[in-house]
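# from the sequence below, what's the structure:
(one chain, ligands or ions: 1)
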Amino acid sequence: MSGKDLAGKQPRAVVLVSGGLDSATVLAIARAEGYDCHTLSFDYGQRHRAELSASARVSRSLGAVEHKTLSIDLRAIGGSALTDEDIAVPEAQTPGIPVTYVPARNTVFLSIALGWAEVLGALDIFIGVNAVDYSGYPDCRPEYIEAFEKMANLATRAGVEGHRLNIHTPLMELSKAEIIRRGMALGVDYAETVSCYQASSDGLACGRCDSCRLRLQGFAEAGVADPTRYAN
Ligand code: ZN
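Numbering: from 1, shown residues only. Take a look at the predicted model:
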């Protein structure tokens, strides 16, 4: 739970939003903890634009004070099914780290969130990483987040001047079903979110990719109706 800052205002936080289920839940949690939330999304050359409009929609309806979309085209380096059109999005589970892993994505995103946090005078950054029902991405693990937080405090003026920066990962230990129940209790409308790796331009989900599969299972396990709009 956050306190008021020295000026008596609500503390500010930067919240990374992707338009998906997890980050919408994180935004609702950060708001419930009393933060003024500045949400940040990336137009990084991902396969579809639907998640960018979902990010803006979710930011608005969950009470963010400001939402920014920053462009950084990761297709220039490629190396992922999400940023290279020649690599197909897998529709069956594969062993090891899947090809939907985007090289160093969370490091890039968190670094820019860190820079914006410094400008805003925010000491708190929220990200929806999860180590339970996840795809096996190395930059979603708790030891990665701990290391990034340590780096953040070494790398910034705020950190050097004794103001501790915190990376919050409120979903880290939750199952997808627990995330959904938590979000619903906080009033998240999951119909506004898009999780699919290859959604259509108007946000219809494929129902077959890894992200769709985890989301489908989550709603089934949570015992609530799945509001996702599917392509078929
Ligand atoms: Zn999908």
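# distance from the lowest-mean-pLDDT helix or strand in the chain to the middle of the chain?
The weakest-scoring helix or strand in the chain, judged by mean pLDDT, DSSP states H and E, is helix 157-160 (a mean of 91). In this view, helix 157-160 has its centroid 25 Å away from the chain centroid, taken as Cα atoms, centre = their mean, to the nearest Å.
# what sits up against the helix or strand following it?
Later in the chain than helix 157-160, the nearest helix or strand by DSSP states H and E is strand 166-168. Applying Cβ atoms under 8 Å, 6 or more residues apart in numbering, the external contacts of strand 166-168 come out as 13, 26, 30, 110, 123-127, 145, 148-149, 152. Quick note: C-beta positions are derived from backbone N, CA and C, even for glycine.
# buried ones in the least confident helix or strand of the chain?
158-159 (16 or more other Cβ atoms under 10 Å).
# which helices and strands does it pack with?
helix 105-120, helix 142-155 (3 or more Cβ pairs under 8 Å, 6 or more residues apart in numbering; DSSP states H and E).
# figure out which of those is closest to T193.
helix 105-120 (17.7 Å; Cβ to Cβ).
# what's the local residue count around G187?
Other residues lying near G187 total 12 when counted by other Cβ atoms under 10 Å.
# now it. Nearest residue, chain neighbours left out?
Using Cβ to Cβ, 6 or more residues apart in numbering and skipping the chain neighbours, the partner closest in space to G187 is A28 (6.8 Å).
# helix or strand: which one has that neighbour?
helix 21-32.
# any idea how far that helix is from the chain center?
Taking Cα atoms, centre = their mean, the mean C-alpha location of helix 21-32 is offset from the chain mean by 9 Å.
# which SSE is immediately downstream of it?
Assigned by DSSP H and E, the successor of helix 21-32 is strand 36-43.
# for the closest residue to D22 other than its chain neighbours, helix, strand, or coil?
The shortest distance from D22 to any residue other than its chain neighbours is 3.6 Å, reached at G128 (Cβ to Cβ, 6+ apart). Following DSSP: H, G, I helix; E, B strand; the rest coil, G128 is assigned to coil.
# residues in contact with G128?
So G128 contacts 16, 18, 20, 22-23, 25-26, 169, 171 (Cβ under 8 Å, 6+ apart).
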